[in-house]
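Novice: What follows is a protein structure lacking sequence information:
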């Protein structure tokens, strides 16, 4: 197995530190691709910025993530008052279904097509995390703008309950280049504080039962109609703890979206009272979420 030429060229130029990931066992469920292990990216000042842990993905995602980190994230962290010394990776390649729900469609993580960022380590010992509003607001706004410009899917806090502690980005292929950008910048109110710099350990696992892009609940109707993803088998994994969506109504009420999650939009599944006509939430045809607080109706799931 040989590293794809595009990624090999970046390694030769010194733009990234990467190698082939040879420890993975080929999976007929997730499909075949050449996994690249990205360990560091070069910044404009010449420093190599480490990823903790390394991000494993196909070459196209490796290149996109590396460019985003060096060209956008590092300058944004500096502008917010920090010297970036490491990026914490919450997840990358992971052969599993969306939200770890058995029978669900394949996650973009399972295709080597997604990376999750959990936070940043700074030179003075501070750690800025996505969880609990730990990123400065100016950094959140800059990150969202750059991510939604570069990637097909961006999901963060306030988007669906599955991304409260990380930012998911991927290069999902959908019909008409349909994009999802859902991140409520006001989600969380904690302020990052100075603390002793922790040892280099893997970032904490995501809360909410699944560290995944799949639980998008804003604009799900539009996404369900517009997306055209490669068909893949479902990964035979057990559902997560915490009761993640299983794609079936749990109380006999009709599910909304594309049949993959129960809607919890206010009034969406309530039976009509006598003399009233039951209405459904209007379809959301927007392809980019404004991120305004409370602006995301929860209507289903899609990558």
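Specialist: That came through, no problem. Owing to the predicted nature of the structure, the values given are computational and were not obtained by experimental measurement. Numbering: from 1, shown residues only.
Novice: From here on, just use CA atoms for contacts and neighbour counts.
Specialist: Will do.
Novice: which stretches of this structure form helices?
Specialist: With DSSP state H as the criterion, the chain has helices at 5-13, 59-68, 74-79, 137-150, 220-226.
Novice: and residue 88, what is it in contact with?
Specialist: Residues in contact with residue 88 (Cα atoms under 8 Å, 6 or more residues apart in numbering) are 51-53, 117-121, 202-203.
Novice: Residue 157 now?
Specialist: Taking Cα under 8 Å, 6+ apart as the test, what residue 157 contacts is 130-131, 163-167, 183-185, 187-188.
Novice: Swap in 10 Å and give it another go.
Specialist: When contacts are counted by Cα atoms under 10 Å, 6 or more residues apart in numbering, residue 157 touches 130-133, 163-168, 182-188, 291.
Novice: Just the buried ones out of the residues you listed, please.
Specialist: 130-131, 133, 163-168, 182-188, 291 (16 or more other Cα atoms under 10 Å).
Novice: just to revisit the earlier point, which ones among the contacts of residue 157 map onto strands?
Specialist: Mapping these onto strands (DSSP state E) picks out 167-168, 182.
Novice: Could you report the neighbour count for residue 148?
Specialist: Around residue 148 there are 20 other residues, counting by other Cα atoms under 10 Å.
Novice: Kindly provide the distance from it to residue 73.
Specialist: Distance of residue 148 to residue 73, given as Cα to Cα, to the nearest Å: 13 Å.
Novice: just the buried members of the contacts of residue 88?
Specialist: Of those, these count as buried by 16+ other Cα under 10 Å: 51-53, 117-121.
Novice: Export those residues to TSV and append columns for pLDDT.
Specialist: As requested, the buried ones among the contacts of residue 88 are exported to TSV (pLDDT from 0 to 100):
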residue	pLDDT
51	98
52	98
53	98
117	98
118	98
119	98
120	98
121	98
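Novice: From those residues, which land in strands?
Specialist: Using DSSP E, the buried ones among the contacts of residue 88 in strands are 51-53, 117-121.
Novice: Let's have those residues in a markdown table, adding distance to residue 99.
Specialist: Output for these, formatted as a markdown table (distance: Cα to Cα, whole Å):
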| residue | distance to residue 99 |
| --- | --- |
| 51 | 24 |
| 52 | 22 |
| 53 | 21 |
| 117 | 17 |
| 118 | 17 |
| 119 | 21 |
| 120 | 24 |
| 121 | 27 |
